[in-house]
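Chemist: coordinates only, sequence not included:
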């Protein structure tokens, strides 16, 4: 029952890879946006906040379609990226990673922002009066104190990215070995006669991964919090 | 030593204070909510006053007319806050070394001297959460002293402590103040604390200076 075919293993591997790369690559931007939303006052802040949360409320197919229009080979950004850096998103695993990143982004930003908002600003003031610049204070004080929230944000975004289906299939289709992630593979299995066993195996894997992600995030967050508070 | 003139509107609170003191140890006294901590924060560079001039030991830290506003980390003004504000994710030793490390200094003789002056040798490996209020405040004083201070601001360093803990700290503070080689601004609402230590007492009420007493 639980012997996986090469195709299934491909889908699992690809899913983990795509979600990991997507989330890792979007972390710096996620941190920056979360920091801006938590700490700065600027015109258009509400708009930025709404924009960040869009993928959460938009039908994923629409997000995928927008990605296709902008990051596709003929899209404004996609065409420029291909000409300048030779980076292609459409119908490649990179595109799946981009879709995963976009879908996980709101959850990541939200968790990091909440955690930044709840860190004690008075400790940052203390750091500055001891001679630390704003940037040094961020790395020595703000970041370590916000770490449990950042980890939680990362894991949530990762879990969301892992389950991404609508945007991915719209943007980069369902190509075995390239863009056929776990959900796409499960969907494919359910569409062919005799695919039930495969669908069941992959669904079980998806559940195990999701559960593991949640448990790991909880354990990590607790450990980090304990380490911070001594 | 301190030449301070600050105008600022902080929420509903209207601060408009100016005083000048040539004493090594200056006390800032007044009831809670009178604006003492806002003056400390202005001197430390934690916010920008609407108008004014702040000169400490001959160095201009802020001057609205001349558009001088040194960032907090460039002022060399170290603060001991009422609530210690130790970094919870660092050990006592790491807290003590924070400013020193930023100034490119190592754990040296001065470190050992300050640690023994404050009697915190046995606490070095602990985390702030495991310390009593009095111990925490001694570490906060040590952290400020070790950060190469050009001036020291003590913002109600005893206010959050009970009588027993106060008596634990006062000897260290008195010794520190008596041997002061840098300007110290000692903020307190407790008259007895101040009288023992300061040569100039600046009295503040409702965001204004009401009296300056030179002893």
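Modeler: Looks like it came in fine. Treat the numbers as computed from the prediction; the structure is a model and nothing was measured.

Chemist: which residues does residue A:30 contact?
Modeler: Listed by CB atoms under 8 Å, 6 or more residues apart in numbering or on different chains, the contact set of residue A:30 reads A:105, A:108-109, A:112, A:153, A:157. Every C-beta, even on glycine, is put in place using the N, C-alpha and C of the backbone.

Chemist: same thing but 7 Å
Modeler: A:105, A:108-109, A:112 (CB atoms under 7 Å, 6 or more residues apart in numbering or on different chains).

Chemist: Equivalent analysis for residue A:183, please.
Modeler: Applying CB under 7 Å, 6+ apart, the residues near residue A:183 are A:163-165.

Chemist: ok, back up a step: okay, and which of the contacts of residue A:30 map to helices?
Modeler: In helices, defined here by DSSP state H, the members of those are A:105, A:108-109, A:112.

Chemist: Could I get the pLDDT score of the residue in chain B that chain A sits nearest to?
Modeler: Closest contact between chain B and chain A, by CB to the nearest CB, is at residue B:127 (2.4 Å). Note on residue B:127: pLDDT of 93.

Chemist: And it, how far from residue B:144?
Modeler: 19 Å (CB to CB, to the nearest Å).

Chemist: Looking at those two, which is more packed in?
Modeler: Between residue B:127 and residue B:144, counting by other CB atoms under 10 Å in any protein chain shown, residue B:144 is the more crowded of the two (24 against 20).

Chemist: list the contacts for the more buried one?
Modeler: B:78-80, B:152.

Chemist: neighbours around residue A:59, how many?
Modeler: Neighbour tally, residue A:59, other CB under 10 Å: 12.

Chemist: which residues does it contact?
Modeler: Taking CB under 7 Å, 6+ apart, one finds residue A:166 in contact with residue A:59.

Chemist: separation between it and chain B?
Modeler: Computed as CB to the nearest CB, to the nearest Å, the residue A:59 to chain B distance reads 42 Å.

Chemist: Any chance of the backbone angles for that residue?
Modeler: phi -60, psi 130 (degrees, to the nearest 10).

Chemist: Same question for residue B:125.
Modeler: Dihedral angles for residue B:125 - degrees, to the nearest 10 - are phi -90, psi 0.

Chemist: For it, which non-adjacent residue is closest in space?
Modeler: Nearest residue to residue B:125, sequence neighbours excluded (CB to CB, 6 or more residues apart in numbering or on different chains): residue B:91, at 5.7 Å.

Chemist: Show the end-to-end separation of stretch B:103-122, please.
Modeler: Start-to-end span of stretch B:103-122 (CA to CA, to the nearest Å) is 25 Å.

Chemist: What are the buried residues along it?
Modeler: B:111, B:114-115, B:117-118, B:120 (16 or more other CB atoms under 10 Å in any protein chain shown).

Chemist: wait, does it contact chain A?
Modeler: Yes - Stretch B:103-122 comes into contact with chain A (CB under 7 Å from any CB of the partner chain), by way of residue B:103.
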